[in-house]
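Q: give me a model of this one.
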Amino acid sequence: MNRPPFVIANPRAAGGRVGRWIEANRRRIEAALPGTELALTAGTGDATRLARRAIDSGVTTVVSIGGDGTASETLGGFFDGDRPVRPGVALAIVDGGTGGDFARLVRAPRLDAWRPEGIARARRRAIDVGHVAYTHRDGSPGARVFLNIASFGSGGEVVDRVNRSSKRFGGFLTFGAVSLSVSLTYRNRPVRILADGEEIARGPIFVGAVANGRWFGGGMRIAPRARLDDGAFDLVLLPHRRPVRRLAVGLAIYQGAHLRDRETFWRRASRVEAIPLDPEPVLLDVDGEQPGRLPATFRILPRAVDVVLLDETGARGPRKASD
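A: As a prediction, this is how the structure comes out:
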């Protein structure tokens, strides 16, 4: 007999809105999901540890309530390195964050629209997961899985600044303002890039995106052709450009029109290697977090986790289907 779902919530998400919502709705959740445990995170890494504990205890569905970062951190508990701890365990996402890029892709219900009782009848979908082996800022090796997009270059600078800001104006405006500032000031770093063992770029890169999903940065459609279950990343490279030209391309990204630019590089690959060619650090953005820097190797893990399609319970908000 399946165990009740285990619910992980980040009370600080969306400026504390998730925490307030949980306090107001805790009894409703417990009544809809008899026997469920609801755990609140208190700091970095808690969602991973809580998810692993739940999976080790026999839970078959883990619910993440918060932003994309909470969902990605929860996913970490599903894996031991690049291998699922227990295949068949499903991740359900309730969107309580500011950016909602991955939540949009899987049509996760917004916080106020979620109906906990719908989990039992919701359909599941197997999706790909990304794995990245990278370098911590102190030079030590690191590795983690990711749901949506990992990027390097200006994207790492953006997320580093965003995560040090208040986000009080919401994900879209915060990311937009920081992206504008970085576009005008970022100095491109030279990088060597290999896709499935073939060198495809060597030189200054403004941003490189290794995409499982389509959106990042609070609504930037960096990889409009990406699919979650095709067994490959969409690799998108924006090369060296003058700041004014960067701004024009940045605006095109919100519409997914930048792939029509002849200077933008796009291809699919199951393995991507990015190696810096000078001593200046090239920072990473992995699902909205800044874990370290290049060199890094990205690998796709085909259909490595199930996600619960909670939208099919009738709990979707105005968000439209995206994949």
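
Q: and the residue at minimal distance from the centre of the chain, what pLDDT?
A: Nearest to the geometric centre of the chain sits Asp287, at 3.0 Å (C-alpha atoms, centre = their mean). Among the per-residue scores, Asp287 holds a pLDDT of 93.

Q: contacting residues for the residue lying closest to it once chain neighbours are set aside?
A: Of all residues not flanking Asp287 in the chain, Ser72 sits nearest, at 3.7 Å (C-beta to C-beta, 6 or more residues apart in numbering). To be clear about C-beta, it is placed using only N, CA and C from the backbone, and glycine gets the same treatment. If you count contacts by C-beta atoms under 8 Å, 6 or more residues apart in numbering, Ser72 has them with 102, 146-148, 286-289.

Q: after the helix or strand encompassing Ala133 comes which helix or strand?
A: Secondary structure from DSSP states H and E places Ala133 in strand 124-135. Sequence order places strand 141-146 as the next helix or strand after strand 124-135, per DSSP H and E.

Q: Tyr186 and Leu238 touch, don't they?
A: No. Counting by C-beta atoms under 8 Å, Tyr186 sits too far from Leu238 to count as a contact (11.1 Å).

Q: more neighbours, those two?
A: Leu238 (25 against 19; other C-beta atoms under 10 Å).

Q: pretty sure that one sits against Pro204.
A: No. Shown here, Leu238 and Pro204 do not form a contact pair, counting by C-beta under 8 Å, at 10.5 Å.

Q: what residues does whichever strand or helix holds Leu235 touch?
A: Using DSSP H and E, the element containing Leu235 is strand 233-239. With C-beta under 8 Å, 6+ apart as the contact definition, strand 233-239 has outside contacts at 130, 193, 195, 200-201, 203-212, 222-223, 225-226, 246, 249, 258-259, 263-270, 272, 298, 300.

Q: what mean pLDDT would you report for that strand?
A: Averaged across strand 233-239, the pLDDT comes to 94.

Q: between strand 124-135 and it, find me the angle.
A: 50 degrees (axes from the mean of the first three to the mean of the last three C-alpha atoms, to 10 degrees).

Q: quick one: strands adjacent to strand 233-239?
A: strand 198-211 (antiparallel), strand 265-269 (antiparallel) (DSSP bridges).

Q: for those, which one sits closest to Ser64?
A: Proximity to Ser64, assessed across those by C-beta to C-beta, is greatest for strand 198-211 (20.5 Å).

Q: got the buried residues for the closest one?
A: Buried residues in strand 198-211, defined by neighbour count with 16 or more other C-beta atoms under 10 Å: 201, 204-211.

Q: among the residues you listed, which two are most distant?
A: Pairwise distances across the buried residues of strand 198-211 (C-beta to C-beta) peak at 20.7 Å, for the pair Pro204 and Ala211.

Q: can you list the weak-confidence ranges in the stretch 201-323 of the chain?
A: Counting by pLDDT under 70, the stretch 201-323 of the chain contains low-confidence ranges at 240-244, 312-323.

Q: so where do the strands sit in it?
A: Using DSSP state E, counting those that start in this stretch, the strands of the stretch 201-323 of the chain run over 233-239, 265-269, 271-276, 284-286, 293-308.

Q: and the angle from the first one to strand 293-308?
A: Relative orientation of strand 233-239 with respect to strand 293-308: 140 degrees, computed using the same axes, to 10 degrees.

Q: my read is Gly118 is in a strand, agree?
A: No. The assignment for Gly118 by DSSP: H, G, I helix; E, B strand; the rest coil gives helix, which leaves it out of any strand.

Q: residues near it, how many?
A: Neighbours around Gly118, by other C-beta under 10 Å: 19.

Q: kindly state the pLDDT recorded for it?
A: At Gly118, pLDDT is 92.

Q: apart from its chain neighbours, what residue comes closest to Glu289?
A: Nearest to Glu289 is Gly69, by C-beta to C-beta, 6+ apart, at 5.7 Å.

Q: swap in Asp68?
A: Using C-beta to C-beta, 6+ apart and skipping residues adjacent in sequence, the residue nearest Asp68 is Phe102, 4.6 Å away.
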